[in-house]
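S.K.: pasting the sequence and the predicted coordinates here, then a few questions.
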Amino acid sequence: MFRASVAERSAGCRPFRLLALAVLAGPLLGTPVAAQGLSALERQVEAVVRDSWGDAPPSEARRLAQDDTQLECSRVRNEPGEVLRARIQARERERIQYPEGGLVLGDPVEGERIAKDSYGGRVGRLRPDDPGRPNGGSCRACHILEPRDDMGGTLGPPLARFGLTHGTGPEAVRYVYERVYNPHAFQPCTEMPRFGYHGFLTVQQILDVAAYLLSPGSPVNRPESPRQEAPAPLRPAQP
Amino acid sequence: MTRFLSKSLAFLLLCIPFPGVSAETPVVDDRADSIAEYRRMLREGNPGELWVARGEALFHLPRGPNEVSLDECDLGLGPGVLDGAFAALPRYFEDAGRVQDLESRLVHCMVTLQGFDREQLLDEAFSSGGRESDMEALAVYVASRSNGYPLSVELSHPRELEMFRIGEALFHRRSGPMDMSCAVCHTHEQRRIRLQGLMNVNNPLQVRDVMGSWPTYRVSQGTVRTLQHRMWDCHWEMRLPDVEYGSDATVALILYLNERARGGLVDVPGIRR
């Protein structure tokens, strides 16, 4: 009897918001979760999500709806088995769209700025980012970008000297573009965001980042030897 | 006394250099020890103690339309029992019919006992700019009355177990334009976002250390921040909308984390960058 309680409470309290969410959940993030078979626990979780973000305007609340890959990766705690890996990989590859002008390296200076900029995409009443300003890629939050980069995070692999091993040929440009546009096409359930798929970065921004990573003159590819190991955390864990 | 304390604290803060306070500080590997030392020194003169003192005064003062204090507020161990109460939260409360954490319980008491307006309490829960938050002071005061107690949520009530499972699922639930979940950052050992070390939810020592030290004084924000603020902040960084203060999602996540942190000692206010 307790099992259904959370869902019942929220469903009873906010019928109109529920309805609005059901209608609006889909378009932005692909297949809405409602279309897929959910477990009893998952239905409770969705009810809690609707209730706990009940005051968010529909334009923001739709961000909470999971698409197929988000749901599947959540279920397996980001460790998909072979079958699921293949399914996600194929599906996400289909979702990659290419620039009309072809895959041409962009501006490495602009790419550096984008890679190191974490502005953009935050919503809400308390501290929203200015939607009129272009989003940054936050690459440095998770990657050490340059041989002497003391600021980069370590959630993702270091990218220092990335271009020296990849060159600037068409395969390298295509690889970086696709990898940033939709990393699940390479590594299903990776923690890296699908920057192109979500439109978080524009196609041109991705080509600029590719230029920053690949160009021989870029600070990424400076000849200094990279650190032997990633530096130890400066601060103790304190989320 | 308070003024004296305030002055000495300000003096202390001026005297101590601030390595690690700015996000732009370069990594120098051999400085990790000096950072820990700096944090130890700061703890001895933690400005958050001023919030504890203000919270104590607010708690026992007759306030609100009903002009009563919070002395009759039941935080789980009976009306007016504060010692050790925070360490066993969140828990199920019969009178509210739901699982509540410290802050949602305080809101409950301030509405039902003191007659405050719920919406206004939620709106003003986080201090901002020049406006102080009573909730931040009350929360850190009540939490400080559990100092030295082990975190000890029990999950003995079916609703508590239900909320724990929901919290665990929420922790791993990916969504939004960055495909984020809590787990994306907080299931790895020794990883960083930029220079900031990330708690690993699977490392009990780290979870205990973290959950036992909130509410915390935030040097960069000049105020005490609570776990509810931490929950809002994480979702904001994940590019999700504002999660409602004291909502079931936040309570479920806090319950999940406190279960993982069971046995950790409460030691608040913490102090952070």
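M.R.: Ah, there it is. In this text the structure is predicted, and so the values were computed from the model without any measurement. Numbers count the residues shown, from 1 in each chain, chains lettered A, B, ... in the order given.

S.K.: helices of the stretch 1-150 of chain B, residue ranges please.
M.R.: B:2-15, B:32-44, B:48-60, B:102-112, B:118-123, B:134-144 (DSSP state H, counting those that start in this stretch).

S.K.: who touches the shortest one?
M.R.: Spelled out, it's helix B:118-123. Helix B:118-123 has contacts (Cβ atoms under 8 Å, 6 or more residues apart in numbering or on different chains) with B:V107, B:M110, B:V111, B:M135, B:E244, B:Y245, B:G246. Where C-beta positions appear, they are placed from N, C-alpha and C, glycine not excepted.

S.K.: thought A:G54 was touching B:E244?
M.R.: Yes: the pair A:G54 / B:E244 is scored as a contact, 6.7 Å apart, by Cβ atoms under 8 Å.

S.K.: quick one, which of the two is more surrounded?
M.R.: In terms of neighbours (other Cβ atoms under 10 Å in any protein chain shown), B:E244 is the more surrounded of A:G54 and B:E244; the figures are 19 against 16.

S.K.: OK, contacts around the more buried one?
M.R.: Contact analysis of B:E244 by Cβ under 8 Å, 6+ apart lists A:S52, A:W53, A:G54, A:D55, B:L122, B:T250.

S.K.: can you put these in CSV and add secondary structure and distance to B:H229?
M.R.: Shown next, in CSV, are the contacts of B:E244 (DSSP: H, G, I helix; E, B strand; the rest coil; distance: Cβ to Cβ, whole Å):
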residue, secondary structure, distance to B:H229
A:S52, helix, 15
A:W53, coil, 17
A:G54, coil, 19
A:D55, coil, 17
B:L122, helix, 13
B:T250, helix, 10
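
S.K.: poorly predicted segments of chain A, please.
M.R.: Scanning chain A for pLDDT under 70 picks out the ranges A:1-36, A:224-239.

S.K.: quick check, central residue of it?
M.R.: By Cα atoms, centre = their mean, chain A has its centre lying nearest to A:P193, at 1.5 Å.

S.K.: how about that one, secondary structure?
M.R.: Of the three states, A:P193 takes coil according to DSSP: H, G, I helix; E, B strand; the rest coil.

S.K.: so which strand or helix has the residue nearest to B:R239 when sequence neighbours are not counted?
M.R.: Using Cβ to Cβ, 6 or more residues apart in numbering or on different chains and skipping residues adjacent in sequence, the residue nearest B:R239 is A:G121, 4.4 Å away. Counting by DSSP states H and E, there is no helix or strand that carries A:G121.

S.K.: so what's the residue count around A:G121?
M.R.: The burial count for A:G121: 21, using other Cβ under 10 Å.

S.K.: ok now do it, which residues does it touch?
M.R.: Contacts of A:G121 (Cβ under 8 Å, 6+ apart): A:D129, A:N135, A:F200, B:P177, B:M178, B:R239.

S.K.: what's the separation between it and A:W53?
M.R.: Here A:G121 is placed at a distance of 17 Å from A:W53 (Cβ to Cβ, to the nearest Å).

S.K.: same question, B:V111
M.R.: 21 Å.

S.K.: wait, A:G111 sits on A:L213?
M.R.: Yes: using Cβ under 8 Å, A:G111 is in contact with A:L213, at 7.3 Å.

S.K.: give me the domain ranges for chain A.
M.R.: A:5-94, A:108-221 (automatic domain parsing).

S.K.: need the winner for burial among these.
M.R.: domain A:108-221 (a mean of 20; mean count of other Cβ atoms under 10 Å in any protein chain shown).

S.K.: thinking again about what came up before, residues near the closest residue in space to the residue nearest to the centre of chain A that isn't next to it in sequence, how many?
M.R.: Of all residues not flanking A:P193 in the chain, B:M178 sits nearest, at 4.2 Å (Cβ to Cβ, 6+ apart). In terms of burial, B:M178 registers 22 neighbours under the definition other Cβ under 10 Å.
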